[in-house]
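Asker: Quick check, what structure comes out for this input:
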Amino acid sequence: MSLSDPIADMLTRVRNAHGAELEMVEMPHSKMKSEIARILKREGYIRDYTTEGGAGKRTLRLYLKYGPNGEKGIQGLRRISRPSLRRYTGGAKLPRVLGGIGIAILTTSSGIMTDAEARKNKIGGEVLCYIW
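Answerer: Numbering: from 1, shown residues only. Prediction:
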């Protein structure tokens, strides 16, 4: 099955897994999804992620994070740039998610990074999604 927007599919799977309070969620692997998972782990939104399978059918597995009282590690996520409407921003106008509480994930000429890293490097790019 081909997907027209694999990043939106990834975010929807994570949102649904959190709603069902699952420990982990699986999805088809891609380099971009793996980089987004790396950022989510580094920023503390998920516990861990792994890539499994051979060259033909690789799977990305995210291990979701919950607090001691069942609080979700990811309170919300939103896809910004879509295949039908790309959203780009310059280095001077990078978005702040909830006043800096959340992160924006961007794809830039230097790779996939958060809004804070892009602000530090003074580069813009395509805004993929917001996570808070």
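
Asker: quick one, what contacts the closest residue to residue 46 other than its chain neighbours?
Answerer: Spatial nearest neighbour of residue 46, excluding adjacent residues (Cβ to Cβ, 6 or more residues apart in numbering): residue 40 at 4.7 Å. Where C-beta positions appear, they are placed from N, C-alpha and C, glycine not excepted. By Cβ atoms under 8 Å, 6 or more residues apart in numbering, the contact list for residue 40 reads 46, 49, 62, 74, 131.

Asker: Repeat that for residue 96.
Answerer: 104, 115.

Asker: and the gap between it and residue 126?
Answerer: Noted for residue 96: a distance of 17 Å to residue 126, by Cβ to Cβ, to the nearest Å.

Asker: Kindly provide the whole-number mean pLDDT of whichever helix in the chain runs longest.
Answerer: Longest helix in the chain, counting residues (DSSP state H): helix 6-19. Average pLDDT, helix 6-19: 95.

Asker: all strands of the protein, in order?
Answerer: Here the chain has its strands, by DSSP state E, at 24-28, 46-52, 59-64, 77-79, 88-89, 103-108, 111-114, 125-131.

Asker: Packed most tightly, which of these would that be?
Answerer: Ranked by mean neighbour count under mean count of other Cβ atoms under 10 Å, these are led by strand 103-108, which reaches a mean of 22.

Asker: who does that one pair up with?
Answerer: Strand 103-108 has its sheet partners listed here by DSSP bridges as strand 111-114 (antiparallel), strand 125-131 (antiparallel).

Asker: roughly how far apart are the residue nearest the centre of the chain and residue 10?
Answerer: Closest residue to the average C-alpha location of the chain: residue 36 at 4.3 Å, with Cα atoms, centre = their mean. For residue 36, the distance to residue 10 (Cβ to Cβ) stands at 7 Å.

Asker: give me the low-pLDDT residue ranges for this protein?
Answerer: Residues of the chain meeting the criterion pLDDT under 70: 1-2.
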